[in-house]
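>>> sharing a model that was predicted from the sequence below.
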Amino acid sequence: MLPSDTILGFFLISQLCIGVIGNSSLFILYLYSYFFKPHFMKLIDSVFMHLTIVNMLLIIFTLIPDIMASFGVPNFLDDIGCKAVLFYTRVFRGLSICTTCVVSTFQVITIIPSNSKWAWLKPKLSKWAFSSLLCSWIINLLIYANMIKVIIAKTNSSHAGNGYLHAYCQNKNFGNHNSGLFLSVIFIHDLFFVAIMTWASCYKMTFLYRHQKRAQHLHSLSLSSQPSPESKATHHILFLVTCFVFLYWLNNSITLYGFYAQTKIPRLEGINAVLSTCYSTICPFLLMRNNKIILQFTSSISVLRMTYFQSALCG
């Protein structure tokens, strides 16, 4: 029987491969659309391209150290490696939250009625989206620059007390209680963007629900009994938001528990790595479901299969 750490290591490798392949494939698909099918490109696709890059880098920087730790590789990260990996991991995690928030707000502005008092935002979407992503980079780089000072390579194998502890890294003043302000800043930052994301998603669901009700009066009874595009979109949004918020709070809860627990659980960091990259792993596959090129490709495959099947019957 394989040890539990080895099983966790193979699971992390699987998640790394799936996440990197999914995000890189979606990014290549957007590049293909940009150069060869520009009529398929939308303004929001540039934000999705940014999201796929951030998600892919988050998966790589988060999972590789835990994969090495699960297979017992010693001294994989030194001081510089710990500072770099933890810094970029937190920055890309923050950027993932911010970019998802930008996507949700972008979609809200897109569906705002033309007679609304907020309709003036629509022509400014391109400039607003770029400025928001730039501000997200600046904010997260400034917030997590503190990690470069406080993170060092692990000094010994046994620790007890408050503080961040990884298989290879730890905070410099382990057991000290002076990290409360830094954690509060991170919590307020994340809570702000998650709250906007939740509000935007609730607004979209409400808007689509009302639109569905109005559309039912314009269709026959037979058509209205079928699932409408608005209903499918509402369920899709609800699933995305529920998945993101659930994984976010579960990941944060485990992180805080691991920080303040007096007795550290070595395997907890690996499990938390799975949770923190779970949304980034499934996100590209959810986005592919609504990509026009993917839909066109699957439709062509279905037509070819049907043509082949009919010719085989006739032959």
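Nice, thanks for sending it over. Numbers count the residues shown, from 1 in each chain.
>>> would you map the helices across the stretch 151-300 of the chain?
180-216, 221-224, 229-260, 266-288, 292-314 (DSSP state H, counting those that start in this stretch).
>>> lowest average pLDDT across those?
Within these, the stretch with the lowest mean pLDDT is helix 221-224, showing a mean of 47.
>>> could you pull out the strands for the stretch 51-200 of the chain?
Under the criterion DSSP state E, counting those that start in this stretch, the stretch 51-200 of the chain contains strands at 151-153, 169-171.
>>> what's in contact with the last one?
Spelled out, it's strand 169-171. 65, 77, 82, 85-86, 150-155, 159, 163-164, 179 (C-beta atoms under 8 Å, 6 or more residues apart in numbering). Bear in mind the C-beta positions are built from the backbone N, C-alpha and C, glycine included.
>>> from those residues, keep the buried residues only.
65, 77, 82, 85-86, 150-154, 163-164, 179 (16 or more other C-beta atoms under 10 Å).
>>> mind putting the residues you listed in TSV, distance to V274 and pLDDT included?
Formatted as TSV, those follow (distance: C-beta to C-beta, whole Å; pLDDT from 0 to 100):
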residue	distance to V274	pLDDT
P65	13	92
L77	19	89
C82	20	91
V85	17	93
L86	17	91
V150	25	84
I151	21	87
I152	25	86
A153	24	85
K154	21	81
G163	22	74
Y164	18	77
S179	24	66
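>>> and which of those is nearest L57?
Closest to L57 out of the buried ones among the contacts of strand 169-171 is V85 (11.3 Å), distances taken as C-beta to C-beta.
>>> so that closest one makes contact with L77?
Yes: contact criterion C-beta atoms under 8 Å: V85 and L77 qualify, at 6.2 Å.
>>> intersection of neighbour lists for those two?
65, 169.
>>> where does the stretch 51-200 of the chain dip in pLDDT?
156-161, 174-179 (pLDDT under 70).
>>> kindly recompute the last result at 80.
113-122, 124, 126, 155-165, 172-183 (pLDDT under 80).
>>> residues contacting the closest residue to S280 other than its chain neighbours?
Leaving aside its chain neighbours, S280 sits nearest to N55 (3.7 Å; criterion: C-beta to C-beta, 6 or more residues apart in numbering). By C-beta under 8 Å, 6+ apart, the contact set of N55 is 19, 23, 92, 96, 280-281, 283-284.
>>> for A69, same thing?
76, 166-168, 269-270.
>>> do S132 as well
So S132 contacts 98, 102, 105 (C-beta under 8 Å, 6+ apart).
>>> ok, L43 - contacts?
Contacts of L43 by C-beta under 8 Å, 6+ apart are 106, 125-126, 129.
>>> how about W128?
Going by C-beta under 8 Å, 6+ apart, W128 touches 109, 121.
>>> separation between it and W120?
11 Å (C-beta to C-beta, to the nearest Å).
>>> please apply the same query to F187.
Distance of F187 to W120, given as C-beta to C-beta: 34 Å.
>>> who's more crowded, those two?
Each of F187 and W120 has its neighbours counted (other C-beta atoms under 10 Å); F187 has more, 12 against 9.
>>> what sits against that one?
With C-beta under 8 Å, 6+ apart, F187 has these contacts: N252.
>>> try 10 Å
By C-beta atoms under 10 Å, 6 or more residues apart in numbering, the contact set of F187 is 252, 256.
>>> ok, now the one 4 residues further on?
When contacts are counted by C-beta under 10 Å, 6+ apart, L191 is found next to 248, 252.
>>> how about F76?
64-65, 67-69, 82, 85, 153, 167-169.
>>> try it again with 8 Å
So F76 contacts 65, 68-69, 167-168 (C-beta under 8 Å, 6+ apart).
>>> let me know the closest of those to H211.
Distance to H211, by C-beta to C-beta, is smallest for P65 among the contacts of F76, at 46.5 Å.
>>> wouldn't that closest one be in contact with V73 here?
No: the criterion here is C-beta under 8 Å, and P65 misses it with V73 at 9.4 Å.
>>> out of the strands of the stretch 51-200 of the chain, which comes closest to H211?
Among these, if distance is taken as C-beta to C-beta, the winner is strand 151-153, at 49.0 Å.
>>> list the strands paired with that closest one, with their directions.
strand 169-171 (antiparallel) (DSSP bridges).
>>> what's the neighbour count on L287?
Neighbours around L287, by other C-beta under 10 Å: 21.
>>> scratch that, L141 is what I was asking about
There are 13 residues near L141, going by other C-beta under 10 Å.
>>> that one contacts V91, correct?
Yes: using C-beta under 8 Å, L141 is in contact with V91, at 6.2 Å.
>>> about what we covered before: closest one of the contacts of L43 to L8?
F106 (37.0 Å).
>>> measure the residue nearest to the closest one when sequence neighbours are not counted to I109 for me?
Using C-beta to C-beta, 6+ apart and skipping the chain neighbours, the partner closest in space to F106 is I44 (5.4 Å). According to C-beta to C-beta, I44 stands 10 Å off from I109.
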